[in-house]
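Enquirer: just coords:
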């Protein structure tokens, strides 16, 4: 799999992320993608070829391997990395949508007209998109951790497993290749995933707290004042701009 393509896409997310989001991206690339590509794939490259069973019965070894490893750790982690990084593209697409609307607005009303102060600023609809992407990423992380533990009953790989699935003639002992090394990498990847969950939760709390402080400051700054009456057309145009910038 070409992880450079994924890295190129996610690099655009970095400039729209908070401090917690940048740390999350660093953890994903350094402690997950890099370890996955450089080391983990090689450790699991011989998992089926070196899965030995003490029988010569044709098909027994393959059936036992499929029984104990319905999906390989390495493929499950690849799916996990894809699923937890894809929600970040929601933010990039939303910013691209804002920039396109800003271009059209300037083309219609002149270069000095502005629909957004900053298309990448997290307010209005973009704030909700960013918050939703964090909830989705956290949900995927927890779901894949649960699946990994549920499929293998533990994060630790045993040295020997016993299988009596047909066409095995009786209870057969099978031995996993390099179980200690695979267990170490499993715990490492699980730890990195848990760290990402913690960072996502911290970022969610940070966004909500910052939004509450912002709203409180805006409320305290509002004081009743007399303003000049505005004509209907100007009022309508002003309200339209406020709606567009707040909800999109």
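Expert: Alright, I've got the coordinates. Since this is a predicted model, take the numbers as computed values, not measurements.
Enquirer: For residue 56, give me the backbone phi and psi.
Expert: Phi and psi for residue 56, reported as degrees, to the nearest 10, are phi -100, psi 10.
Enquirer: Would you enumerate the residues in contact with it?
Expert: By CB atoms under 8 Å, 6 or more residues apart in numbering, residue 56 lies in contact with nothing. C-betas here are computed from N, CA, C, even on glycine.
Enquirer: try 10 Å this time
Expert: Counting by CB atoms under 10 Å, 6 or more residues apart in numbering, residue 56 touches residue 169.
Enquirer: Okay, now the unreliable bits of this structure?
Expert: 1-12, 117-121, 221-248 (pLDDT under 70).
Enquirer: again, 90 this time
Expert: For the chain, residues meeting the criterion pLDDT under 90 lie at 1-22, 25-26, 28-63, 65-75, 78, 82, 85-130, 151-171, 176-182, 210-248.
Enquirer: tell me, what residue is most central in it?
Expert: Centroid check for the chain by CA atoms, centre = their mean gives residue 84 as the closest residue, at 2.3 Å.
Enquirer: how about that one, secondary structure?
Expert: Under DSSP: H, G, I helix; E, B strand; the rest coil, residue 84 falls in the helix class.
Enquirer: show me what contacts it?
Expert: So residue 84 contacts 24, 28, 32, 136-141, 143-144, 193, 196-197, 200 (CB under 10 Å, 6+ apart).
Enquirer: Go through these and say which is closest to residue 51.
Expert: residue 144 (23.5 Å; CB to CB).
Enquirer: follow-up on the earlier one: could you check how far the residue nearest to the centre of the chain is from residue 30?
Expert: To residue 30, residue 84 is 15 Å away according to CB to CB, to the nearest Å.
Enquirer: now residue 102
Expert: 35 Å.
Enquirer: Could you check which of the two is surrounded by more residues?
Expert: Neighbour count, other CB atoms under 10 Å: between residue 102 and residue 30, residue 102 has more, with 17 against 11.
Enquirer: Does that one lie in a helix or a strand, and which?
Expert: Assigned by DSSP states H and E, residue 102 falls within helix 88-109.
Enquirer: So which bits of the helix or strand just after that helix are buried?
Expert: Of the helices and strands lying after helix 88-109 in sequence (DSSP H and E), the nearest is helix 125-152. For helix 125-152, the buried set under the neighbour-count rule, 16 or more other CB atoms under 10 Å, comprises 125-127, 129-131, 133-134, 136-138, 140-141, 144-145, 148, 152.
Enquirer: where along this structure do the helices fall?
Expert: With DSSP state H as the criterion, the chain has helices at 3-11, 19-26, 34-35, 41-43, 60-68, 73-85, 88-109, 125-152, 179-221, 232-247.
Enquirer: Let me have those helices in TSV, adding distance to residue 170 as columns.
Expert: Listed next are the helices of the chain as TSV, based on distance: least, CB to CB, whole Å:
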stretch	distance to residue 170
helix 3-11	44
helix 19-26	50
helix 34-35	40
helix 41-43	31
helix 60-68	10
helix 73-85	29
helix 88-109	51
helix 125-152	24
helix 179-221	24
helix 232-247	67
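Enquirer: quick one, which of the ones you listed is nearest to residue 167?
Expert: helix 60-68 (5.9 Å).
Enquirer: Lovely, talk soon.
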